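Enquirer: need a structure here:
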Amino acid sequence: MVVLPKHAQLPEIPGDGNLYFESMLYIFGIIVMFLQYINLYKTVWWLPHSHSNYALNFYLIDPNLVSFLAIIMCRRVVACFLQETFVVKNKGILYWISMFLKCVIVLCILALFLYTGYQVVTKYSPLYCLFLTYSFGWDNKPRLRVLQTVHVKDPRQLEIEKEQANAAVLAKCPSLHPAWRYLSSLAHMVQKKGPNRDPFIFHSCTLTPDIVRDEVEAMKQDFNSRMKQVLFNSTLTAFYMSFVPLCFAQNTLYYDTWWVGQHVSLTWLSSFLMLICHFLSPRYLDLLHKCALHLGRWQKVEGRHAHVPHNAWSELQVWPQGALVKHVRGLFKAEGINVTAEPGNSSHGRFYFLFSKPLRVLHWLLIMTFMLVIYQFFRLLQCTEWSHIMSLALILFCNYYTLFKLMRDWIIMGKSYKEEDNMNSSS
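Expert: Predicted coordinates:
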C-alpha cells in the first residue's frame, strides 16, 4: 500500500544573514592574508644585535599589491551591501539618491582597483601578473550568462507571449493542468537577498511520480550550483589571500616552505567549511531530505531471482516498499517508504543516498571540522615561534564558530528527525 511519507517539522534555527556572512568571510580572508605576510616577512627584533626594530620587514611588503588583493576579494561584500541597503521600491527622489550613492561607491572602488592594478602591473613582470588574472577564467560562464541577458524584450511583452504559449499547450493537452500548476509554482521562486540570489525551491508532498522526478531534477541542479559556488569561492579565498603573496615574494627571501604551504591548505579548508555551512543550511537540507523520501530507490536484483513474480515498471505509478519490477535495465526491488525513481538511474540513486538520511551530510561536515580543529589544536601545542602560534590560533578561532553552528544544527535536527522515524515506522 502506498502512503505519503510523514515529515518532521524543524524549528526555526537562526542563521547568518548574507551581508553578515559575506562580511565575516571577507574579514577572515584579510586575517589569513595578514598572517601569511607575517609568515613571510617576520623578523627577530628581540635579539640584541638585530637590524630590525619591528616585528615585520614592512619595506618588503608592497602596499599596492595588498590593496589590490583586498579590493578583489571585497566584490561579494560590496554587491551584497548594495543589494540589501538603500533599497527603495518607489521611483521617487529617494530612489534616485540611493542609485546615485550606489554609483559613487562602485566608481570609487573601481577607481581604486584600476589604480592599484596599474601600479602592480608596471612594477612586476607579466609572468607574475598572470597570477592575478588566473581565476578570471574560472568565472567566465556566469559573466557570459549575465551579458547574454542584457539585450532582451520588454518584460511585460515577454510575460504576455509566455502566457499565450502556455495557454495554447494546455488547450491541446488538458491532462497537463495539475502538473502544470505545480511546475508553475515551482518556477515562481522566492529570491533570497544577497549577491548569490539563490532560489528557494519549494517542496510539494504529492503522489504524482512525474512531479516528484521533476522536483528532484530541480533540486539536484540547485545543489550542484551551490557546491560549485562553495568550491569556487573557497579556492578563490585561498588563492588570493594565501597563495598570491607567495608568488610575489622576493627571490632572495627565506621562509618556511612547509609552513606557508600548510597555511594555504588551512585557509582553503576553513573557508570551504564556512561556505558549505552557509549554503547548506538546515532548512535546505530538510527540503532535500523530504524530496528524497518521496523519490525512494531501486536495488537491482541478481539474475538468479529473475523467475520470481514481478510487475512491469510504469513511470506513472508509485511503488510501495519491497515491490519487484521488471525494467529494460533488469529486475529491481523497491527501497523506501514509496518509490518514484527510475530504475537504474544513477543520479536518482545518488540523490537518495545523500539525503535519505537527513544527518548524513551533517555528519560528514562534523567529522571534517573535528579533524581540522584537532589537527590545529595539537599543532598549536607543538609550536614555539610567535608567528606560528598567532597563525594557528586565529584560524582555529574561526573554525570554532563553524564547529559551534554544526553542533547546534546536529543536536536540533537529530531530535526532530527521531520523531519523524517513529511516525514513519508506526505507519
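Enquirer: residues in contact with residue 388?
Expert: residue 259 (C-beta atoms under 8 Å, 6 or more residues apart in numbering). Bear in mind the C-beta positions are built from the backbone N, C-alpha and C, glycine included.
Enquirer: the one 4 residues further on too?
Expert: Shown in contact with residue 392 (C-beta under 8 Å, 6+ apart): 376, 379, 380, 383.
Enquirer: and it, what's its pLDDT?
Expert: The pLDDT attached to residue 392 in the predicted structure is 94.
Enquirer: for the one 5 residues further on, same thing?
Expert: According to the prediction, residue 397 has pLDDT 93.
Enquirer: what helix or strand does it sit in?
Expert: Using DSSP states H and E, residue 397 sits in helix 386-426.
Enquirer: repeat for residue 343
Expert: Using DSSP H and E, no helix or strand contains residue 343.
Enquirer: what values do phi and psi take at it?
Expert: Note on residue 343: its backbone torsions stand at phi -60, psi 130 [degrees, to the nearest 10].
Enquirer: what's around it, how many residues?
Expert: 23 (other C-beta atoms under 10 Å).
Enquirer: using a markdown table, lay out the contacts of residue 392 together with secondary structure, pLDDT and distance to residue 219.
Expert: Compiled in a markdown table, those are given as follows (DSSP: H, G, I helix; E, B strand; the rest coil; pLDDT from 0 to 100; distance: C-beta to C-beta, whole Å):
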| residue | secondary structure | pLDDT | distance to residue 219 |
| --- | --- | --- | --- |
| 376 | helix | 95 | 34 |
| 379 | helix | 94 | 39 |
| 380 | helix | 94 | 40 |
| 383 | coil | 90 | 44 |
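Enquirer: just give me the closest of the residues you listed to residue 110.
Expert: Using C-beta to C-beta, residue 376 comes nearest to residue 110 of these, at 37.8 Å.
Enquirer: next, the contact list for the nearest residue to the closest one once chain neighbours are set aside, please.
Expert: Residue nearest to residue 376 in three dimensions, not counting chain neighbours: residue 396, with 4.6 Å by C-beta to C-beta, 6 or more residues apart in numbering. Shown in contact with residue 396 (C-beta under 8 Å, 6+ apart): 373, 376, 377, 380.
Enquirer: other residues contacting the helix or strand containing the third one?
Expert: Just to be clear, that refers to residue 377. Using DSSP H and E, residue 377 maps to helix 360-382. With C-beta under 8 Å, 6+ apart as the test, helix 360-382 has contacts from 266, 269-270, 273, 276-277, 280, 285, 354-355, 389, 392-393, 395-396, 399-400, 402-403, 406-407, 409-410, 413.
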